[in-house]
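Colleague: Pasting a predicted model and its sequence here:
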Amino acid sequence: MGLIRVVSGTASAPTPMASYDAALAAAGVHNYNLVTVSSVIPANARVERVGVAPDLGPPGERLTVVEGRATVETGRAVAGLAWARAPDGPGLFYEASGSDEAAVESRLDEGLEAGKALRDWPFEDEGRELVAAEAADTGYTTALALAVYGESTPLL
């Protein structure tokens, strides 16, 4: 059975990309090349919230992820993932981001319900990861929540 780890991080830095990289470091996945997928959970996977990823392989390799991400210069950065699964079966993630926690939570709920309505699966198991951070006095702040599928694989 495969493992999907849910990780999250927040960070501030002088540029948007630097704050994103620092948030990836806070989540433990900054040394990988992320490949985003469309959010379907395989039937043979389990989802586990871990906060910070363990060592998932050599630097520079590929990690498959679903990503909720927000970067702001002022205000709040809010990112989230919600998921639902059939018992011992497939499922789906839904990601959302913004600057208001209630609005992000609402979009997570609405998106997940819409995705469930498209599938004839008996959804029962649900979860959520929501992360928020106030913008730093200078620079940019990123909040992110990631579902990381398995371990890294070589790019070359």
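Modeller: Arrived safely.

Colleague: quick one: low-confidence parts of this protein?
Modeller: 1 (pLDDT under 70).

Colleague: so what strands line up beside the biggest strand by length in it?
Modeller: Under DSSP state E, the strand in the chain containing the largest number of residues is strand 140-153. Strand 140-153 has the following sheet partners, assigned by DSSP bridges: strand 2-13 (antiparallel), strand 62-72 (antiparallel).

Colleague: Now distance to residue 113 too, for the ones you listed, in CSV please.
Modeller: No exception for glycine: its C-beta is placed from N, CA and C like everyone else's. Listed next are the strands paired with strand 140-153 as CSV, based on distance: least, Cβ to Cβ, whole Å:
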stretch, distance to residue 113
strand 2-13, 20
strand 62-72, 17
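
Colleague: Any chance of the ones you listed in a markdown table with mean neighbour count and distance to residue 103 as columns?
Modeller: Formatted as a markdown table, the strands paired with strand 140-153 follow (neighbours: other Cβ atoms under 10 Å; distance: least, Cβ to Cβ, whole Å):
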| stretch | mean neighbour count | distance to residue 103 |
| --- | --- | --- |
| strand 2-13 | 21 | 18 |
| strand 62-72 | 21 | 11 |
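
Colleague: Looking at these, spot the one closest to residue 152.
Modeller: Set against residue 152 and scored by Cβ to Cβ, these come closest in strand 62-72, at 5.3 Å.

Colleague: ranges for the helices of the chain?
Modeller: Per DSSP state H, the chain carries helices over the ranges 16-27, 101-117.
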